[in-house]
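Colleague: below is the sequence, then the predicted model.
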Amino acid sequence: MYGARKVWRQLNREGVRAARCMVERLMRGAGLVGALRGGGTPRTTRVDPAAARRA
């Protein structure tokens, strides 16, 4: 549920000194990502392979 910024703040509250970039790097290495607001995955445009292409 927590992103890198909230994890970093929680660590500081508990007295663990850590750089935010280090928390980001460790989370990325562990494959951890914070929850997105609004829920779900972000929507992106999907290309229709059957659509006509411009010349």
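Modeller: Alright, I've got the coordinates. Treat the numbers as computed from the prediction; the structure is a model and nothing was measured. Numbering: from 1, shown residues only.

Colleague: can you give me the helices in the chain?
Modeller: 4-13, 20-30 (DSSP state H).

Colleague: pipe the ones you listed into CSV and attach mean neighbour count per row.
Modeller: Glycine gets a C-beta too; all of them are placed from N, C-alpha and C. CSV is the format used below for those (neighbours: other C-beta atoms under 10 Å):
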stretch, mean neighbour count
helix 4-13, 14
helix 20-30, 13
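
Colleague: of those helices, which is nearest residue 49?
Modeller: Residue 49 lies closest to helix 20-30 among the helices of the chain, at 32.2 Å (C-beta to C-beta).

Colleague: averaged pLDDT, that closest one. What do you get?
Modeller: Across helix 20-30, the average pLDDT comes to 94.

Colleague: just for this protein, where's the confidence low?
Modeller: 39-42 (pLDDT under 70).

Colleague: could you dump the helices of the chain to a markdown table with distance to residue 53?
Modeller: Output for the helices of the chain, formatted as a markdown table (distance: least, C-beta to C-beta, whole Å):
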| stretch | distance to residue 53 |
| --- | --- |
| helix 4-13 | 41 |
| helix 20-30 | 37 |
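
Colleague: so who does the closest residue to residue 3 other than its chain neighbours touch?
Modeller: Closest residue to residue 3 in three dimensions, ignoring its sequence neighbours and counting by C-beta to C-beta, 6 or more residues apart in numbering: residue 34, at 2.7 Å. Going by C-beta atoms under 8 Å, 6 or more residues apart in numbering, residue 34 touches 1, 2, 3, 4, 6.
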